[in-house]
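**Student:** I need the structure of the sequence given here:
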Amino acid sequence: MEDRRKFIRFSVRIEARYSEENQDKWNPCSIINISREGMGVVVYLKEEIHLGSILNLMIDVPGKKEPVFVSGTLNWIEALEGDPEFSYKSGIQIITIDSEDKWILLDYSYEAWKESGGEDKTYDTVK
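**Tutor:** Here you go, the predicted structure:
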């Protein structure tokens, strides 16, 4: 897959939940990397999510009482190799996020990335 990123992505592991636009069902997911305009998300699903779908995310940033709410467009999705059935890695382009929450999320991600030695481990398991 060609890497078309405009901004550096910080590798992280943050628990979150997602729902498709106009739905109340929240499903578990993990944020695996974050940049100024997008994020990598591992989703665990049995039903198909279509490219271009709008997803809402509730992200549980460690140290923050309330979750960060983000909405974004699903730009790509691929099955993860060697992971349990129904695990997919996806790319989300951020549409809306509160500016203070964005700063908190990026700051947390940068610090976690820096502590890990600045390595990008997010492409290791993609088919």
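**Student:** quick one: which helix or strand includes V43?
**Tutor:** strand 38-44 (DSSP states H and E).
**Student:** and what of Y110?
**Tutor:** helix 99-115.
**Student:** Who are the packing partners of the strand holding V43?
**Tutor:** When contacts are defined as 3 or more CB pairs under 8 Å, 6 or more residues apart in numbering; DSSP states H and E, strand 38-44 packs onto strand 10-20, strand 27-34, strand 68-79, strand 87-97. C-beta coordinates here come from the backbone N, C-alpha and C atoms, glycine included.
**Student:** 10 Å - rerun?
**Tutor:** Counting contacts by 3 or more CB pairs under 10 Å, 6 or more residues apart in numbering; DSSP states H and E, strand 38-44 is packed against strand 10-20, strand 27-34, strand 54-59, strand 68-79, strand 87-97.
**Student:** mind putting the ones you listed in a markdown table, mean pLDDT included?
**Tutor:** What follows is those, written out as a markdown table (pLDDT from 0 to 100):
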| stretch | mean pLDDT |
| --- | --- |
| strand 10-20 | 93 |
| strand 27-34 | 93 |
| strand 54-59 | 97 |
| strand 68-79 | 94 |
| strand 87-97 | 93 |
